[in-house]
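Peer 1: Mind looking at a prediction? Sequence and model below.
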Amino acid sequence: METIIPLLEIIQRLRGPNGCAWDRKQTPTTMWKCLAEELYELEDAIVKDDEDNIVEELGDVLFQVLFIMEIYADAGRFSFDRVIKTVAEKMIRRHPHVYGNSRISSEDELNKQWDAIKAGEKRDAGTSQRRSALDNVPDGMPGLLRALKVSKSAVKAGFEWENLGQVLDTAVSEIHEFEAALSMDEDDAMLEFGDILFSLVNVARFAGFHPETALYRSTSKFEERFRMMEADIAKQGLDLKQMPPEEKEKHWQTAKQACTQKKP
């Protein structure tokens, strides 16, 4: 806690009478948007395994979290100690195989224990009367993350494919439905395209990796190749917009090969 105190003192000074007007007018809602941006920047640093940037972005995320906590504390809503005590008690309660006598022999048992403890917490808090297994999915989550959360919640409720092949068949079927919808109403086509994305989220989940990470890496790969192609075209004094398709493809393949050769 001692290492956090200087950060708290900075936040309190920024929000104090002689501090910063911008910091004083912030609310939990406005600061959440800042925190969300910092989380994506942290993700970028982690994926790139950039140690210095990871340290910096972790600090930024911590600062935003403390800032939000200070807003509530300053308004007399709750204290830092309450936040820390609540999460500490919850983590201990949800790990009885570490802090208690529970015995776990597999990851599946671990997940079932976790879900059972969460359900018990809701019953004790009087919040167990929900209408759907999806009630715990926040509406404001980014689309890809929300799709994954919805999918996982449905699986926990017992709605799941038997194998990856069935999920892939579903994705292929959705592509065919999208192709058919293209000749019809635009809204229908958009919905079918969304079905493709949702089915691919399930493919990723079933295959054991996070769709957001997969999309990030694929986008970064395209970006690297496109930048290299741009640089090569500019070096030759050419204009990408004016090039015929076969020339674009030639430069694109050259960039792909060069990027592949750079990999260790």
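Peer 2: Yep, it's here.
Peer 1: Hmm, F67 is touching Q26, no?
Peer 2: Yes: using C-beta atoms under 8 Å, F67 is in contact with Q26, at 7.4 Å. Where C-beta positions appear, they are placed from N, C-alpha and C, glycine not excepted.
Peer 1: Those two: which is more packed in?
Peer 2: F67 (21 against 17; other C-beta atoms under 10 Å).
Peer 1: Give me the mean pLDDT for whatever helix or strand the more buried one lives in.
Peer 2: Secondary structure from DSSP states H and E places F67 in helix 51-74. For helix 51-74, mean pLDDT is 96.
Peer 1: list the helices and strands the following helix or strand past it packs on?
Peer 2: Reading on from helix 51-74 to the C-terminus, the next helix or strand found by DSSP H and E is helix 80-93. Applying 3 or more C-beta pairs under 8 Å, 6 or more residues apart in numbering; DSSP states H and E, one finds that helix 80-93 contacts helix 51-74, helix 107-125.
Peer 1: Let me know the angle separating helix 80-93 from helix 107-125.
Peer 2: In terms of direction (axes from the mean of the first three to the mean of the last three C-alpha atoms, to 10 degrees), helix 80-93 departs from helix 107-125 by 130 degrees.
Peer 1: Would you mind identifying the next helix or strand past helix 80-93?
Peer 2: helix 96-99.
Peer 1: And that next one, how far out from the chain middle?
Peer 2: When distances are taken as C-alpha atoms, centre = their mean, to the nearest Å, helix 96-99 is centred 28 Å away from the chain's centroid.
Peer 1: Quick one: list the elements packing against it.
Peer 2: Where contact means 3+ C-beta pairs under 8 Å, 6+ apart, helix 96-99 is packed against helix 107-125.
Peer 1: who touches the helix it packs on?
Peer 2: Residues outside helix 107-125 that contact it (C-beta atoms under 8 Å, 6 or more residues apart in numbering) are 90, 93-94, 96-97, 102, 104, 128, 130, 156.
Peer 1: and if you look at stretch 71-86?
Peer 2: Against stretch 71-86 from outside (C-beta under 8 Å, 6+ apart): 8, 15, 26-28, 31, 69.
Peer 1: picking that back up, check the helices and strands packed on helix 80-93 for me and report the most buried one.
Peer 2: The highest mean neighbour count among those, using mean count of other C-beta atoms under 10 Å, belongs to helix 51-74: a mean of 16.
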